[in-house]
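>>> Sequence below, structure please.
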Amino acid sequence: MARVPLYKAVETEMIRRITAGEWALGLRLPNEFGLAAEFGVSQGTMRRALITLESLGLLARKPGRGTVVCAPATTPGTAQASAAQSQLRDANGAALILDVYRARSITRGADDLEMALFGTARLATLERVFLRDTKRAARDMVTLPESLIPAIDEDADPDLAELLHDAGLAFDCIDEEVSAAVTTMSASVALACDRHTALLVLTRIARDAQGKAIARQELQLIADGISYGA
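Now for the predicted structure:
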């Protein structure tokens with residue numbers, strides 16, 4: 001099995017500490033030298049890990065305060081096309097370009113969480129893997145009640161708002177949440193990357209005028225060289 005790079009191991013442990021609450025929101029962290037000594041890595045390795053967590057919105061560097069633990073931003077949705085894609089940036093600040101590599105459309109039973117969200121036992125699901133510069137870089141899963149749409153087109157627009165519009169489904173808003181995670185075994189296989197690779201996760205839920213969920217999309221992106229923001 002391939003050895004996990006040091007910076008990825010550091011990223012994973014830092015994400016774990018934040019998500020587990022060991023590093024509380026607002027906590028001021030030691031400087032790069034102190035953190036590098038604590039984790040037993042070089043300053044360059046620590047800087048690379050810090051940049052990734054900053055791009056994920058888990059850390060903020062503030063003048064006079066150093067590096068502070070913070071919560072990822074949550075962006076409210078609108079009835080217009082979601083701004084999520086336009087806010088994904090590469091290392092140069094340019095809009096991130098993703099191309100569909102493969103897609104699979106199925107219908108299936110809902111799990112307990114999906115039952116609670118949609119109030120139905122049957123779902124139409126679209127699973128996709130995306131390429132970035134010819135390499136697998138992201139995957140998403142879109143789910144809708146089967147009563148609204150019998151099957152999702154495998155060529156559906158990657159943007160949830162456009163997908164719903166093209167399907168003739170009206171919605172009132174799209175709630176959007178940004179978070180961080182690391183790859184599971186299945187995600188590592190799908191994305192052809194090391195286990196525990198840092199991910200930026202965008203979760204979108206479309207709701208009707210009564211606030212009922214009509215669609216959900218979870219987009220997982222390999223975090224290297226990616227940031228989220230206007």
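>>> And the helices in this protein?
Counting by DSSP state H, the chain has helices at residues 6-19, 32-39, 43-55, 84-87, 112-118, 160-166, 185-191.
>>> Could you dump these into JSON lines with distance to residue 140 added?
Where C-beta positions appear, they are placed from N, C-alpha and C, glycine not excepted. Shown next, in JSON lines, are the helices of the chain (distance: least, CB to CB, whole Å):
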{"stretch": "helix 6-19", "distance to residue 140": "20"}
{"stretch": "helix 32-39", "distance to residue 140": "32"}
{"stretch": "helix 43-55", "distance to residue 140": "19"}
{"stretch": "helix 84-87", "distance to residue 140": "11"}
{"stretch": "helix 112-118", "distance to residue 140": "16"}
{"stretch": "helix 160-166", "distance to residue 140": "9"}
{"stretch": "helix 185-191", "distance to residue 140": "11"}
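>>> which ones are touching the spatially most central residue of the chain?
Note on the chain: the residue nearest the mean C-alpha position is residue 201, at 1.0 Å, using CA atoms, centre = their mean. Contacts for residue 201 (CB atoms under 8 Å, 6 or more residues apart in numbering) come out as 178, 179, 180, 181, 218, 219, 220, 221.
>>> averaging pLDDT over each of the helices of the chain, which comes out lowest?
Comparing mean pLDDT over the helices of the chain, the weakest stretch is helix 84-87, at a mean of 55.
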